[in-house]
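**Q** the following comprises the amino acid sequence and a computationally predicted model.
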Amino acid sequence: MGFTSFFQTAFATYADQDYTVGRVALEHKHLYRVFTEAGDLLADVSGKFRFQTTGRQDFPAIGDFVVMSVRPEEGKATIHAVLPRQSKFSRKIAGNTTEEQIVASNVDTVFLVNALNNDFNIRRIERYLIMAWESGANPVIILSKADLCDDVEEKLRQVESVAIGVPVHVISSLQNEGIGELLPYVGAGQTVALLGSSGVGKSTLTNRLVGHEVQSVQEVREGDDRGKHTTTHRELIMLPQGGMMIDTPGMRELQLWEADEGFTDSFSDIEQIAEACRFRDCTHKNEPGCAVNLALQDGSLDRGRYTSYLKLQRELAYLARKDDMRAQLQEKQKWKNISKSTRGGKKAR
């Protein structure tokens, strides 16, 4: 299940405490379906674990390895700790709340699935790439529904212009084309996460890789060639190739979380151009010798891509300011809880 030496080392401190380890496969409103050596168990978190959390990012996520005491005769377990994550794909929780939502953890490869029909969107691909690079996993772009596209080569060229150094695969799950190219990513011990908008073909691709239907798939809607959204939860699925796959619901809202390194990796072409500016603190507005403005004028830098770069840069700066305020409030609340607990203990004595 991908329990590498990284996790074995992290679990070593718990090994002599009669604990076992499992991997979170499914979440049901604060209960978790966990894969273990004793079979699939239904687990909840201990009271101590819950008390020590500062936010939802501390709770188990799909793909996490967790430390548990198990009751296999009951089919149940209690989670006491989450082992350090080797990678995590996060986004800002939908809505106005500034909080991290971990979509998938301990993923080796992220399949960024984008349909080649009417849902095709280069700017969305840029956003997904930032989050994928920041996760610590390797991004791979899957261009699905090739059978519904008349200009595959042109769209492939557009994707390759923004996905610098990222593998891109064109597939048609309906016609079973290109699926074989994906098998090296799902070998023994490997974990892949499927990410993409609703109706881009993630469930159909999952069914192809598993070899039978594990996710329900509905017919394509008339008028816009988009599949109906059917996946309603994240789930870790075992694959016959020996790997594991995390299928996710389509994301209506894909707001960035922390993404400093991911942003730099995704826009390395613009960052490289900017290094040639005459002034180190160039704002790329009216300064003389601005390499970015020159690239925009001669067409070597696409204006739409640069506009996206600025927009995402502003979004990350705004999020950083809000998150700093949230962290301060969380720390204050944490010490308030500790103080309250201490006073309660003294009264009891």
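**A** Looks like it came in fine.

**Q** does the closest residue in space to Asn121 that isn't next to it in sequence belong to a helix or a strand, and which?
**A** Leaving aside its chain neighbours, Asn121 sits nearest to Asn114 (7.3 Å; criterion: C-beta to C-beta, 6 or more residues apart in numbering). In short, each C-beta sits where N, CA and C put it, glycine included. Here Asn114, judged by DSSP states H and E, is contained in strand 109-115.

**Q** check which helices and strands that strand sits against.
**A** Secondary structure elements in contact with strand 109-115, counted by 3 or more C-beta pairs under 8 Å, 6 or more residues apart in numbering; DSSP states H and E, are helix 122-135, strand 138-144, strand 191-195, helix 202-210.

**Q** would JSON lines of those with mean neighbour count, distance to Asp16 and mean pLDDT be doable?
**A** Putting these into JSON lines (neighbours: other C-beta atoms under 10 Å; distance: least, C-beta to C-beta, whole Å; pLDDT from 0 to 100) gives the following:
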{"stretch": "helix 122-135", "mean neighbour count": "22", "distance to Asp16": "33", "mean pLDDT": "83"}
{"stretch": "strand 138-144", "mean neighbour count": "23", "distance to Asp16": "35", "mean pLDDT": "92"}
{"stretch": "strand 191-195", "mean neighbour count": "26", "distance to Asp16": "28", "mean pLDDT": "91"}
{"stretch": "helix 202-210", "mean neighbour count": "22", "distance to Asp16": "38", "mean pLDDT": "87"}
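
**Q** between these, which one is nearest to Ala61?
**A** Ala61 lies closest to strand 191-195 among the helices and strands packed on strand 109-115, at 11.0 Å (C-beta to C-beta).

**Q** quick check, His80 in a strand?
**A** Yes - under DSSP: H, G, I helix; E, B strand; the rest coil, His80 falls within a strand.

**Q** check contacts around it.
**A** 14, 19, 45-46, 48-49, 66-69 (C-beta atoms under 8 Å, 6 or more residues apart in numbering).

**Q** repeat for Asn293
**A** By C-beta under 8 Å, 6+ apart, the residues touching Asn293 are His284.

**Q** where does it land in three-state SS?
**A** Secondary structure, three-state DSSP: Asn293 is helix.

**Q** okay, it: pLDDT?
**A** Note for Asn293: predicted pLDDT of 88.

**Q** same question, Ala10
**A** 93.

**Q** that older thread, right, and the residue nearest to Asn121 touches Val140 too?
**A** No - at 11.4 Å, Asn114 does not count as touching Val140 under the criterion of C-beta atoms under 8 Å.

**Q** for the contacts of His80, which one is nearest Ile122?
**A** Val66 (38.2 Å).

**Q** doesn't that closest one fall inside a strand?
**A** Yes - remark: Val66 belongs to a strand, assigned using three-state DSSP.

**Q** tell me how far it lies from Gln17.
**A** 14 Å (C-beta to C-beta, to the nearest Å).

**Q** neighbour count: the two, which is higher?
**A** Val66 (26 against 9; other C-beta atoms under 10 Å).

**Q** wait, what's in contact with that one?
**A** For Val66, the contacting residues are 21-24, 32, 34, 43, 60, 79-83, by C-beta under 8 Å, 6+ apart.

**Q** which of the contacts of His80 has the most neighbours?
**A** Neighbour-wise, the contacts of His80 (other C-beta under 10 Å) top out at Val66, 26 neighbours.

**Q** which stretches of the chain form helices?
**A** 5-11, 47-52, 122-135, 152-162, 202-210, 260-266, 268-274, 291-298, 303-348 (DSSP state H).

**Q** what is the mean pLDDT for the fourth one?
**A** Mean pLDDT, taken over the full extent of helix 152-162, equals 90.

**Q** quick one: contacts for the residue nearest to Asn121?
**A** 120-121, 124-125, 128, 141-144, 159, 196-197, 200.

**Q** quick check: Tyr19 touching Val67?
**A** Yes - counting by C-beta under 8 Å, Tyr19 touches Val67, with 5.1 Å between them.

**Q** Leu239: which of the contacts of Asn114 is nearest?
**A** Using C-beta to C-beta, the contacts of Asn114 come closest to Leu239 at Ile142, 15.5 Å.

**Q** and the closest one, what does it touch?
**A** Counted by C-beta under 8 Å, 6+ apart, Ile142 has contacts 111-114, 169, 171, 182, 196, 205.

**Q** go ahead and confirm Phe6 touches Ser87.
**A** No - counting by C-beta under 8 Å, Phe6 does not reach Ser87; the two are 10.4 Å apart.

**Q** spit out the contact partners of Phe11.
**A** By C-beta under 8 Å, 6+ apart, Phe11 lies in contact with 21, 65, 67, 83.

**Q** of the residues you listed - the most surrounded one?
**A** Phe65 leads these on contacts (other C-beta under 10 Å) with 28 neighbours.

**Q** any idea what that one is bridged to?
**A** Arg23 (DSSP bridges).
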